[in-house]
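1. take a look and give me a structure for this.
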Amino acid sequence: MSSLYFLIPTVIIILLVMPIFLEVRLSFNLLDKSGVFCIYLFRKKLQYFKFEIDGREIKLKDEEETKEKQIDFDSPEIALYEEFSTQIKDKTRLRFIEVFYNVGLNDAFLTSMICGVINIAVLIFFTSLKNKKPTASLQLYNTSSFNKKVANLATVINLSISLFDVVYSFIISVILSKKKMKEMKN
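-> Alright, predicted model coming up:
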C-alpha cells in the first residue's frame, strides 16, 4: 500500500520531463504588411492571431473576437517575450523547418534574380542552423510568379521541449525582464 504513494511523484516527474511537441506556423505578406501566426500543441490549435505591422506597432486580431490589441515595441510585454525567447532558445530541440515563399515583380529577369538571392540567403541560414542543431530537417520551397506582383513568405517550425524547461525559462525571463525595466527607468 505504501508503494502507491510513490506513484504520484513518479507521474509528476514524468510529466515534467516528457517532451512537448510544438508547431509554429507563420505566414506574412510583405506588400500588405499583414500575416497570420498560429501555434499548435500536439497537432491541436492552441493560439491563432492575424497581425498587421503599422509603423512601430503590431495590431493583433484574435480568431474569435474582432477586438484589436496594439503592442508597442518598447512595451514590457515585448521585453518579456525577448527575454523568454533567449532563455528558451538553447533548451528547445528543433525537429524541422519548412520555408515557403512566392515572389513576383512583373519582370521575369528581376524576379529570377531576387529568387536566386533569397535561395542563397535561406540556404546560408540553414547551413549555420544545421551547425548548431545537427538533427534538424530543413526544407525550402520556392515559387516564382513572373507575371504579377506578389511577395509572400510562410514557414512551419516544429519544436520539442520539456515542461520543466518552459517553466524554468519563464520564471527566469520574468525576473530578468523586471530587472531590465527597472534599469531602464533609472
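2. switch to C-alpha atoms for all contacts and neighbour counts from now on
-> Fine.
3. any chance you could map the helices in the chain?
-> Using DSSP state H, the helices of the chain run over 7-17, 76-88, 108-132, 163-185.
4. find the centremost residue of this protein, please.
-> Val24 (5.6 Å; CA atoms, centre = their mean).
5. so what's the closest residue to Gln139 other than its chain neighbours bridging to?
-> In space, and not counting its chain neighbours, Gln139 is closest to Glu98: 4.8 Å by CA to CA, 6 or more residues apart in numbering. Beta-bridge pairing of Glu98 under DSSP bridges involves Gln139, Val156.
6. okay but Glu98 is in contact with Ala136, surely?
-> No - counting by CA atoms under 8 Å, Glu98 stays clear of Ala136, with 10.7 Å between them.
7. the more surrounded of the two?
-> Between Glu98 and Ala136, counted using other CA atoms under 10 Å, the more crowded position is Ala136 (18 against 15).
8. what about that one, distance to Phe96?
-> 5 Å (CA to CA, to the nearest Å).
9. quick one: pLDDT of Thr127?
-> We have a pLDDT of 94 for Thr127.
10. against Val24, how distant is it?
-> As defined by CA to CA, Thr127 lies at a distance of 21 Å from Val24.
11. ditto for Pro9
-> Between Pro9 and Val24 the computed distance is 32 Å (CA to CA).
12. kindly report the same for Phe170.
-> Phe170 is 18 Å from Val24, by CA to CA.
13. what do you get for Lys50?
-> Note on Lys50: its distance to Val24, by CA to CA, is 14 Å.
14. any residues in contact with both of those two?
-> Phe37 (CA atoms under 8 Å, 6 or more residues apart in numbering).
15. give the contact list for the residue nearest to the centre of the chain.
-> Contacts for Val24 (CA under 8 Å, 6+ apart) come out as 37-40, 156-158.
16. any idea of the pLDDT on it?
-> Predicted confidence (pLDDT) for Val24: 92.
17. ok, for it, nearest residue in space, not its chain neighbours?
-> Spatial nearest neighbour of Val24, excluding adjacent residues (CA to CA, 6+ apart): Ile39 at 4.6 Å.
18. my read is that that neighbour contacts Lys45, right?
-> Yes - the criterion here is CA under 8 Å, and Ile39 meets it with Lys45 at 6.2 Å.
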